[in-house]
Structure formats: C-alpha cells, structure tokens
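Student: Make a model of this:
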Amino acid sequence: MALSKEIVIDQIEVLESNHIQVRQATKIMEDGKELSKSYHRHVLSPGNSLEGQDPKVVAIAEAVWTPEVIAAYKAIRAAQTP
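Tutor: Model prediction:
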C-alpha cells in the first residue's frame, strides 16, 4: 500500500476580461488509484506577476497579455478608483 499526493494544474481558462483562471487539483493516490481529489482556484489579472506560476500559465499569459491588453486593464481600474 503506497500513498502518494499529486498536485497538477488541470484547467487554465482565459476569461473575456483577459483574466486567467487557474485550477489546481490535489489528488491522494493509493497504489495508482485515486482516493480523493480537491481543488484550489486562483485568478490572475492582466499585468500581475507570473513569478511562481506553472510554465503553461506563464506561456498563456505572455500570449494573451499584450501591452495593449495590460494598458486597457489599467485604464479600467483607474476609472473605477475614486
């Protein structure tokens, strides 16, 4: 009986607002059979630091977050701040 813990990024979504939603699955395995699974999600806004992110997330962010997208997001945020 060998227990193991597996953590994988199993879903990456680019939302209409160009935010990137990342889902991380944590699986507890016993002899190759999944015993349990839990999820954690986090969202990255255009221009956020990508330090520590999965390489797949970084690649998607670099493709989607053009200078124009980041500037537009910053302009929207500035307009919302009183």
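Student: Can you pull out the low-pLDDT segments for the protein?
Tutor: Applying pLDDT under 70 to the chain flags no residue at all.
Student: What segments of it are helices?
Tutor: Assigned by DSSP state H, the helices in the chain fall at 55-64, 67-80.
Student: which one of those has the most crowded surroundings?
Tutor: Most buried of the helices of the chain by mean neighbour count (mean count of other CB atoms under 10 Å) is helix 55-64; its value is a mean of 14. Heads up, the C-betas are built off the backbone N, CA and C, glycines and all.
Student: how much space is there between the residue nearest to the spatial centre of the chain and residue 79?
Tutor: The centre of the chain sits closest to residue 22, judged by CA atoms, centre = their mean, with a distance of 2.5 Å. Per CB to CB, to the nearest Å, residue 22 is found 27 Å from residue 79.
Student: Show the contacting residues for the residue nearest to the centre of the chain.
Tutor: 9, 11-12, 41-44, 53-54, 57 (CB atoms under 8 Å, 6 or more residues apart in numbering).
Student: Buried ones among the residues you listed?
Tutor: Buried members of those, counted by 16 or more other CB atoms under 10 Å: 12, 44, 53, 57.
Student: Turn the residues you listed into JSON lines, columns for distance to residue 34.
Tutor: JSON lines is the format used below for those (distance: CB to CB, whole Å):
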{"residue": "12", "distance to residue 34": "21"}
{"residue": "44", "distance to residue 34": "28"}
{"residue": "53", "distance to residue 34": "25"}
{"residue": "57", "distance to residue 34": "24"}
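Student: In strands, which of the residues you listed appear?
Tutor: 12, 44 (DSSP state E).
Student: how many neighbours does residue 7 have?
Tutor: For residue 7, the neighbour count with other CB atoms under 10 Å is 10.
Student: Hmm, residue 23 and it touching each other?
Tutor: No. Using CB atoms under 8 Å, residue 7 makes no contact with residue 23, being 11.6 Å away.
Student: ok, the buried ones among the contacts of residue 22 vs residue 67, which is closest?
Tutor: Checking these against residue 67 with CB to CB, the nearest one is residue 44 at 16.6 Å.
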